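Trainee: Generate a structure from the sequence data that follows.
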Amino acid sequence: MSDIKKHAIISFLKRKNIVFSAKRYGIDAMGAMAQGLFASLLIGTIISTIGEQAGIPFLVTAGGYAKAVSGPAMAISIGYALQAPQLVLFSLLAVGQAANELGGAGGPLAVFIVTIFAAEFGKAVSKETKIDILVTPLVTILVGVILSMLWAPSIGKAASAVGQLIMWATELQPFFMGIFVSVIVGIALTLPISSAAICAALNLTGLAGGAAVAGCCAQMVGFAVMSFKENRWSGIVSQGLGTSMLQMGNIIKNPRIWIPPTLASAITGPIATCIFSMKMNGPAVSSGMGTCGLVGQIGVYTGWVSDIVSGAKAGITFMDWAGLILICFVLPAVLSVVFCQILRKIGWIKEGDLKLD
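Mentor: You can find the predicted model right below:
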């Protein structure tokens, strides 16, 4: 290819705001997908559960409507992150529905991949013709639906297979896999990527989902409590109920501050799998949410309720509640503070290292 053609292509992509980068696709788009899941499937599940427990049919219905649009919600969120024009953005609703439906249990991953292609093709043709109002939605929807039909079933099966493998391995080796899943998903939660989207894409539930919850809680509660001296109550709320990702700037400056909550997750993970058998039988996306809005805990609870309805569980026991409280709140707080104090004494963590701007 000649330099003139290369320059023309580069100029076209720049004009169309099509950027091939790990940040845009792996961080921006995936993070946005998790928000779309939260605003549909996850919040819908919470609303429905409240309605069921309180005996309010309206809430059950409202939650059902929210859950029904999880595919379109994810797609439009991804399109927004990719800075798609309005016609492309709105056309992605159909793409998300198709990819999520055809992707089955691995629907979220199918939506993620297919939507990126559909959005970028839509952006490429956007405002290039005088009949843009026809061409842009036509290209976006057809590309998205065709790719959904060709790719989504296979993507869904592959994602589901990986998730099933992780869950099977966790059932087989709950101690070692409890450590592995808890640490990896917990680290993903603090990194500028979406642990919730990863768990949703792999449909990570069951015992492995419980370990994932443990790891996320260790990071969020751990950072919130061990930085209390620097950040006080605002830090407890922003990190404990928000996200430990707020500490990424400080982690880059001093990676050692990441040691306490990560060690805590390595301990709480196998405790969750081996001692309390804590399972996430609610929405898979809840496995990667930790204590963010208490979504992880609500997900575990909705799993209990579903198991009782299906007959898989007789009732919610004292050990269930004790395990949930210990794994999600008490142990992460205590262990992280203890490890942090040790590192402070040996000079690895200094005053101000955990201060949020």
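Trainee: Now do the contacts for the nearest residue to Ala84 once chain neighbours are set aside.
Mentor: Leaving aside its chain neighbours, Ala84 sits nearest to Ala119 (4.9 Å; criterion: Cβ to Cβ, 6 or more residues apart in numbering). In short, each C-beta sits where N, CA and C put it, glycine included. Counting by Cβ atoms under 8 Å, 6 or more residues apart in numbering, Ala119 touches Ile78, Gly79, Leu82, Ala84, Val88, Leu92, Thr140.
Trainee: can you rerun that using 6 Å?
Mentor: Gly79, Leu82, Ala84, Val88 (Cβ atoms under 6 Å, 6 or more residues apart in numbering).
Trainee: What is the most widely separated pair among these?
Mentor: Greatest spatial distance in the contacts of Ala119: Leu82 and Val88, 8.7 Å, computed using Cβ to Cβ.
Trainee: So which of the contacts of Ala119 sit within helices?
Mentor: Mapping those onto helices (DSSP state H) picks out Gly79, Val88.
Trainee: Neighbour-wise, which one of the contacts of Ala119 leads?
Mentor: Among the contacts of Ala119, Gly79 has the most neighbours (other Cβ atoms under 10 Å), with 31 neighbours.
Trainee: Please give me every residue in contact with it.
Mentor: Here Gly79 is in contact with Leu89, Leu92, Ala119 (Cβ under 6 Å, 6+ apart).
Trainee: what pLDDT does the last one get?
Mentor: So that's Ala119. Note for Ala119: predicted pLDDT of 97.
Trainee: now do the second one
Mentor: We note a pLDDT of 97 for Leu92 in this prediction.
Trainee: burial of it, as a residue count?
Mentor: 32.
Trainee: what do you get for the first one?
Mentor: The number of residues packed around Leu89, counting by other Cβ under 10 Å, is 21.
Trainee: so what's it closest to, chain neighbours aside?
Mentor: Spatially, and ignoring its direct neighbours in sequence, Leu89 is nearest to Gly79 (4.6 Å; Cβ to Cβ, 6+ apart).
Trainee: separation between that neighbour and Phe276?
Mentor: Note on Gly79: its distance to Phe276, by Cβ to Cβ, to the nearest Å, is 41 Å.
Trainee: Can you dump the C-alpha atoms of stretch 215-235 in PDB for me?
Mentor: Output of stretch 215-235 as PDB, limited to C-alpha atoms (Å, rounded to 0.1, in the frame of the first residue of the first chain):
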ATOM      1  CA  GLY A 215     -12.200 -10.700  46.000                       C
ATOM      2  CA  CYS A 216     -14.100  -7.500  45.000                       C
ATOM      3  CA  CYS A 217     -15.200  -6.800  48.600                       C
ATOM      4  CA  ALA A 218     -11.600  -7.300  49.800                       C
ATOM      5  CA  GLN A 219     -10.400  -4.600  47.500                       C
ATOM      6  CA  MET A 220     -13.300  -2.100  48.100                       C
ATOM      7  CA  VAL A 221     -13.700  -2.500  51.900                       C
ATOM      8  CA  GLY A 222      -9.900  -3.000  52.300                       C
ATOM      9  CA  PHE A 223      -8.900   0.200  50.700                       C
ATOM     10  CA  ALA A 224     -11.800   2.100  52.300                       C
ATOM     11  CA  VAL A 225     -10.800   1.000  55.800                       C
ATOM     12  CA  MET A 226      -7.000   1.100  55.600                       C
ATOM     13  CA  SER A 227      -7.200   4.600  54.200                       C
ATOM     14  CA  PHE A 228      -9.600   5.900  56.800                       C
ATOM     15  CA  LYS A 229      -6.900   8.000  58.400                       C
ATOM     16  CA  GLU A 230      -6.200   9.900  55.200                       C
ATOM     17  CA  ASN A 231      -9.800  10.000  53.700                       C
ATOM     18  CA  ARG A 232     -12.100   9.700  56.700                       C
ATOM     19  CA  TRP A 233     -15.800   9.000  56.100                       C
ATOM     20  CA  SER A 234     -15.900  10.300  52.600                       C
ATOM     21  CA  GLY A 235     -13.300   7.700  51.700                       C
END
